[in-house]
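# Dropping the sequence and predicted coords here.
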Amino acid sequence: MFRTSDLARVAVSEFRRGLEGLTAEEAATRLPKADGTTMNAIAWSVQHIAQHWSNARWAATGAPGSVPPAPSDGTPPSWQDALAYLDSATSDLSWIDETSDEQFAAIPSFSQRESTGTFLGRAIFHTWFHTGEINAVRQMLGHPEIMFVGAAGGELAWVPSRGVER
C-alpha cells in the first residue's frame, strides 16, 4: 500500500511542478471555454488548493486554517499571494504522519459530513484535478506539456500492508 503522507507529498510536488516558469500575468489569465465561460485562472486554483490543504490540517490538528477561500467570482488573487498561501499550507505536511487513526476517523466541526481522513483524501484528489487543469491552461498559454506524473523523486514507495517485504 502507499502511505497517505507520501501520496499527499507527491500530489503537492506535482502540483508545484505545474507552476514552474509561469509569470504573474499568465497566472492571472482566464481563458475562454467553448461554452462562453472562462477557465479558472492558475492563481485562483493555487489559492483554492492551498485552502483545501489548510483546512485539512485544521481538521486533523484543530489549528484553524490560515488561507482564505479563493474569490467565489473567480477573480484571481495576486500571484505572490497565491504562492505564499500554497507555501504556508503545504510546506510542512508532517502533521499527516502525526495524526492518529482516531483523529482521522473524527468528523471536524466545520465539515459535518465527512471524516478528517476523507477530507484529506479529498484534498489529495482535488490537488490532482487542478494539476491537470493547470497543465491544460499552461499549454493554451504556449508552455510545453508537462508529462504528469513525474518520477516522484523517490518520495513514493510501496509499503507492504502486512509488514512483509516483496
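Sure, I can see it. What you are looking at is a predicted structure, and each value in this text was computed from that prediction instead of being measured. Numbers count the residues shown, from 1 in each chain.
# How about the contacts made by the residue nearest the centre of the chain?
The residue lying closest to the centre of the chain (CA atoms, centre = their mean) is Thr127, at 3.4 Å. The contact partners of Thr127, taken as CB atoms under 8 Å, 6 or more residues apart in numbering, are Ala11, Val12, Phe15, Ile49, His52, Trp53. C-beta here means a position set from N, CA and C on the backbone, and glycine is covered the same way.
# give me that answer again for 10 Å
7-8, 10-16, 45, 48-49, 52-53, 90 (CB atoms under 10 Å, 6 or more residues apart in numbering).
# How much space separates it from Gly62?
For Thr127, the distance to Gly62 equals 22 Å [CB to CB, to the nearest Å].
# Helices along the chain, start to end?
4-17, 24-27, 42-61, 79-90, 94-98, 101-105, 116-140 (DSSP state H).
# what's the distance between the third one and the middle of its chain?
Shown here is helix 42-61, whose average C-alpha point lies 7 Å from the average C-alpha point of the whole chain (CA atoms, centre = their mean, to the nearest Å).
# and it, what other elements does it pack with?
Judged by 3 or more CB pairs under 10 Å, 6 or more residues apart in numbering; DSSP states H and E, helix 42-61 is in contact with helix 4-17, helix 24-27, helix 79-90, helix 94-98, helix 101-105, helix 116-140.
# and the fifth one, what's its mean pLDDT?
Mean pLDDT, helix 101-105: 95.
# tell me which residues of it are tucked away?
Within helix 101-105, the residues that qualify as buried are Gln103, Phe104, counting by 16 or more other CB atoms under 10 Å.
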